[in-house]
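*Asks:* coords please:
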Amino acid sequence: HGAKPLVAGQWIRPDHYGDPDAEVATVRNKVGIIDVTPLGKLDLRGPDVPKLLNLLYVNKWSKLAVGSVRYGVMCAEDGVVLDDGVTGRLAEDRWVMSTTSSGAATVWEWAESWLQTEHPDWQVHVTPVTTAYASINIAGPASRELLGRLCTDVDLSGEAFPYMQVRAGTIAGVAGCWMWRIGFTGELSYEIHVPAGYGLHVWESLLDAGADLGVGAFGIEAQRIMRLEKGHFIVAQDTDGLTKALGAGLDWLVKLDKDDFAGKPELAWQAGEHYQRLVGLQPLDGDIVPPEASQIVAGETRIVGRITSSRRSPTLGRSICLGFVEPDLAAAGTIVTVLLPDRRRIPARVMEHHAHYDPEGVRLRG
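*Replies:* All right, here's what the predicted structure looks like:
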């Protein structure tokens, strides 16, 4: 389909198919599909899986019902953000965890380290299945109709299969698939996982079945634009080796009332210290896109933050950013100064939300 390849670690991925802005428009207005197979996937089984999840993630997992999905963030023992992803409960004793593409091996080793050195008595089996499943995200207003043409044994209605739920079923005649409703792009979407040997078959079936819906493939660049429009941060892009969970704007997720979890002592300590906050930013001149890593300054030389992600949003017709600022600059409406590489200084406004587009999440809930 004319993809420009992007080398991403051990994977070669489609950066774009010629026009990322057009790909964004396809997803926002019709339906698009993207290969997300490199996402890390771990199959977790056993009665003590909730104990492991409560230990690894900063939020709570004991009461997650069968058929439900929850977003979670992991921190290292120093409280620094390690990885994030969603975990779904497919059955009473079977869970599937997703990780970032670059964090797949790290998270597997992290889980095994805790099990083997601290809790060998826990009844948990962790199996990496990243390459065992081909994964495709179907996103856009017509995504439900498209998937429904290939998956007839699962009720895809909003009432039967709401946001943040997981189901197992048959897709394009392929049994043993599972899917969850999540929304990294900010649109109604289904992330499907099919046995890897059938990945190409399902991909081509989606394109064939959705021809009249205007379906099109989209690449990593379009996904990056849409996730930034939606305000979703990327670990190791919008965080670094010093970013603790509270600084990444995850106060709502960190549950310090849990008995214990990796990084809890450091995060309890961070709650009372001075730390930079991740915020949404918009340059007052929407035609200027500050390069990523541009410094945010006060006065002539004092660095008070940095731009972590920036793009021109084709949906909004202006530049949008995420970035870190000192806590006294993090209030919505604050004007900060961004120092560009050519030494120009431009004003940017701190937004009320990380999300620049549909902050209420109406679209991704379908």
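
*Asks:* What backbone torsions are found at the residue lying closest to Leu284 once chain neighbours are set aside?
*Replies:* Leaving aside its chain neighbours, Leu284 sits nearest to Pro347 (4.8 Å; criterion: C-beta to C-beta, 6 or more residues apart in numbering). Any C-beta I mention is one placed from the backbone N, CA and C, and that applies to glycine too. Main-chain dihedrals, Pro347, degrees, to the nearest 10: phi -80, psi 150.

*Asks:* what do you get for the one 4 residues further on?
*Replies:* Dihedral angles of Met351 (phi, psi; degrees, to the nearest 10) stand at phi -90, psi 160.

*Asks:* Same question for the one 4 residues further on.
*Replies:* The phi and psi values for Ala355, taken as degrees, to the nearest 10, are phi -80, psi 130.

*Asks:* correct me, but the residue nearest to Leu284 touches Ile335?
*Replies:* Yes. Assessed by C-beta atoms under 8 Å, Pro347 is found in contact with Ile335 at 5.1 Å.

*Asks:* what touches both of those two?
*Replies:* Taking C-beta atoms under 8 Å, 6 or more residues apart in numbering as the contact definition, Pro347 and Ile335 share the neighbouring residues Leu284.

*Asks:* And the strands in the stretch 51-200 of the chain?
*Replies:* 69-75, 81-91, 94-99, 125-128, 133-139, 166-171, 174-180, 189-195 (DSSP state E, counting those that start in this stretch).

*Asks:* The second one packs against which elements?
*Replies:* The elements that strand 81-91 packs onto, with contact taken as 3 or more C-beta pairs under 8 Å, 6 or more residues apart in numbering; DSSP states H and E, are strand 69-75, strand 94-99, helix 104-117, strand 166-171, strand 174-180.

*Asks:* Can you list the helices and strands that the first one packs against?
*Replies:* Using 3+ C-beta pairs under 8 Å, 6+ apart, the elements in contact with strand 69-75 are helix 49-56, strand 81-91.

*Asks:* can you list contacts of the first one?
*Replies:* Contacts of helix 49-56 from elsewhere in the structure, counted by C-beta under 8 Å, 6+ apart, are 44, 60-62, 64, 72, 74, 87, 93, 95, 97, 107, 110-111, 114-115, 119, 122, 124, 126, 258, 260-262.

*Asks:* quick check: angle from that helix to helix 104-117?
*Replies:* Here the directions of helix 49-56 and helix 104-117 differ by 110 degrees (axes from the mean of the first three to the mean of the last three C-alpha atoms, to 10 degrees).

*Asks:* Now helix 49-56: average pLDDT?
*Replies:* Across helix 49-56, pLDDT averages out at 98.

*Asks:* Next: stretch 231-251.
*Replies:* On average, stretch 231-251 scores 94.

*Asks:* For that stretch, list every residue counted as buried.
*Replies:* 231-235, 238-239, 243-250 (16 or more other C-beta atoms under 10 Å).

*Asks:* ok, of the residues you listed, which one's closest to Leu284?
*Replies:* Using C-beta to C-beta, Gly231 comes nearest to Leu284 of the buried residues of stretch 231-251, at 19.0 Å.

*Asks:* Next, the contact list for that closest one, please.
*Replies:* 280, 322, 353-357, 359.

*Asks:* Report how many residues lie close to the nearest residue to Asp260 once chain neighbours are set aside.
*Replies:* Once flanking residues are discounted, Asp260 sits nearest to Leu55: 6.9 Å by C-beta to C-beta, 6+ apart. Using other C-beta atoms under 10 Å, Leu55 has 21 neighbouring residues.

*Asks:* quick one: Leu55 and Leu39, what's the gap?
*Replies:* If you measure Leu55 against Leu39 using C-beta to C-beta, to the nearest Å, the figure is 22 Å.

*Asks:* and if you look at Ala355?
*Replies:* Distance check for Ala355 against Leu39: by C-beta to C-beta, it reads 22 Å.

*Asks:* Brilliant, that's me finished.
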